[in-house]
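Asks: any chance you can model this:
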Amino acid sequence: MVDSPPLRKIIHVDMDMFYAAVELRDRPELRGKPLAVGGRPDSRSVVTTANYEARKFGIHSGISCAQARRLCPSCLFIAPDFKKYQQVSEQIHSIFHEFTDLVESVSLDEAYLDVTRNKKDEPSATRLAREIKKRIFAVTGLTASAGVAASMFVAKIASDAHKPDGLCVVRPDQVMAFIRPLPVLKIPGIGRVTDVRLRQLAIHTVADLEKKSLDFLEKEFGKFGFYIYDIARGIDERPVIPWRQRQSFGAEETFPRDIPEKEPLLGFLLECAQRVFAELDEEGKRARTVTLKIKYSDFQTVTRRRTFLGFLASPEEIFLAVQDLLERTEAGRRPVRLAGISLSNFLEPGKPGLSGQLKLF
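Replies: Have a look, this model is predicted:
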């Protein structure tokens, strides 16, 4: 008789208002005041993170800093320091590896950990999650929220259930009771367009989705129907894939609301350029290829790419290339729900050519 594999134990860790929290840690005199991390409110920058005081006024990531100022005239604006955030992120990810090497990093402030077997020989994922949160606070002074479940999908939703500084555990026999009341928008991969289509079919919650047959969902949504059929039954067998040698460095974001104008996108892409350059610079690398990714409100995704003979030496050079690439899209004429950039085609540390002059290929 073959033993069945042990039930998986997944922890999803999500830092609370990460960029803003780092700034408030370093400038405690600003605590209790509405604060947004972004550019000046008279610039075309966008908000990357807002603290909870600012969120009460409707300020959230992706809106322009000018709009944030209109929503809350007393809001404070701090320019992002992505190199500092990268350093803090490395501290946090080092803590993750004290517990397991099965760590899938989603972003600077978010990761999945498979602790089914772990370095502490601790059978309780709940106790591990508590210890991870304590270690993060002791080392960085920042709080994290964690979700514990047997799948990545449920763990991610759980980590958002009791923010900030929360811990939510969903045991296997609790999964369906936990996910059934959720709006379908909570399912990863379902955006506004799919949500509208589901509502037209009288599907508003995961419970509504669970009632639909596989044939029905396949007919309406094609291959995506298989995915949402399983998710509605709490089935998500995706493995936690640990970090591998990165072939590209990127930053992208799905906006809470579709962005119809080009100016806020440019502000966001400028901050993306600063972020990815800081990550690349931290490893002593330079890149020759810039890729712009745009997803329109109807989920159509386009990419535009440019390769240079020399290596990009600053965030400003990256942004200039991205500006040109954006002109080759329909941004500004069609609403955009996601935007991002990535860098690839690296020069590794220690190899000649890092000072090569930038030339368009």
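Asks: doesn't residue 272 fall inside a helix?
Replies: Yes - counting by DSSP: H, G, I helix; E, B strand; the rest coil, residue 272 is found in a helix.
Asks: would you confirm that it contacts residue 338?
Replies: No - look at residue 272 against residue 338 with Cβ atoms under 8 Å: they stay out of range, at 11.6 Å. Quick note: C-beta positions are derived from backbone N, CA and C, even for glycine.
Asks: which secondary element of this protein has the worst mean pLDDT?
Replies: strand 248-259 (a mean of 81; mean pLDDT, DSSP states H and E).
Asks: within the sheet, what are the partner strands of it, with directions?
Replies: In the sheet, strand 248-259 lines up against strand 336-347 (antiparallel) (DSSP bridges).
Asks: list the buried residues for stretch 29-36?
Replies: Across stretch 29-36, burial judged by 16 or more other Cβ atoms under 10 Å covers 30, 34, 35, 36.
Asks: same deal with stretch 215-230?
Replies: 217, 220, 221, 225, 227, 228, 229.
Asks: for the residues you listed, work out which two are farthest apart.
Replies: 220 and 227 (12.6 Å; Cβ to Cβ).
Asks: buried ones in the least confident helix or strand of the chain?
Replies: Buried, per 16+ other Cβ under 10 Å, within strand 248-259: 249, 250, 251, 252, 253, 255, 258, 259.
Asks: so who does the third one touch?
Replies: Each residue near residue 251 by Cβ atoms under 8 Å, 6 or more residues apart in numbering is listed here: 272, 275, 276, 340, 341, 342.
Asks: relative to residue 283, how far out is the third one?
Replies: Residue 276 sits 11 Å away from residue 283 when distances are taken as Cβ to Cβ, to the nearest Å.
Asks: low-confidence stretches in this structure?
Replies: 1-5, 243-248, 347-361 (pLDDT under 70).
Asks: close enough to count as contact, residue 63 and residue 46?
Replies: Yes - Residue 63 lies in contact with residue 46 (Cβ under 8 Å); the separation is 6.5 Å.
Asks: quick one: common contacting residues for those two?
Replies: Listed as contacting both residue 63 and residue 46 by Cβ under 8 Å, 6+ apart are residue 264.
Asks: who's more crowded, the two?
Replies: residue 46 (30 against 23; other Cβ atoms under 10 Å).
Asks: tell me the contacts of that one?
Replies: Residue 46 sits in contact with 38, 39, 61, 62, 63, 64, 65, 264, 267, 268, 271, where contact means Cβ under 8 Å, 6+ apart.
Asks: can we see that at 7 Å?
Replies: Residues in contact with residue 46 (Cβ atoms under 7 Å, 6 or more residues apart in numbering) are 38, 62, 63, 64, 65, 264, 267, 268, 271.
Asks: could you check how far the residue nearest the centre of the chain is from residue 252?
Replies: Geometric centre of the chain, nearest residue: residue 107, 5.4 Å, by Cα atoms, centre = their mean. Separation of residue 107 from residue 252 (Cβ to Cβ) stands at 10 Å.
Asks: ok, now residue 222?
Replies: Where residue 252 is concerned, residue 222 sits at a distance of 24 Å (Cβ to Cβ).
Asks: one more: residue 160?
Replies: 19 Å.
Asks: could you do residue 44 as well?
Replies: Residue 44 is 19 Å from residue 252, by Cβ to Cβ.
Asks: same question for residue 172.
Replies: The value you get for residue 172 to residue 252, if Cβ to Cβ is used, is 33 Å.
Asks: same deal with residue 102?
Replies: In terms of Cβ to Cβ, residue 102 sits 24 Å off from residue 252.
Asks: please apply the same query to residue 125.
Replies: For residue 125, the distance to residue 252 - Cβ to Cβ - is 30 Å.
Asks: so how many other residues sit close to residue 166?
Replies: Neighbours of residue 166 (other Cβ under 10 Å): 18.
Asks: look up phi and psi at it.
Replies: Per-residue torsions, residue 166: phi -100, psi 160 (degrees, to the nearest 10).
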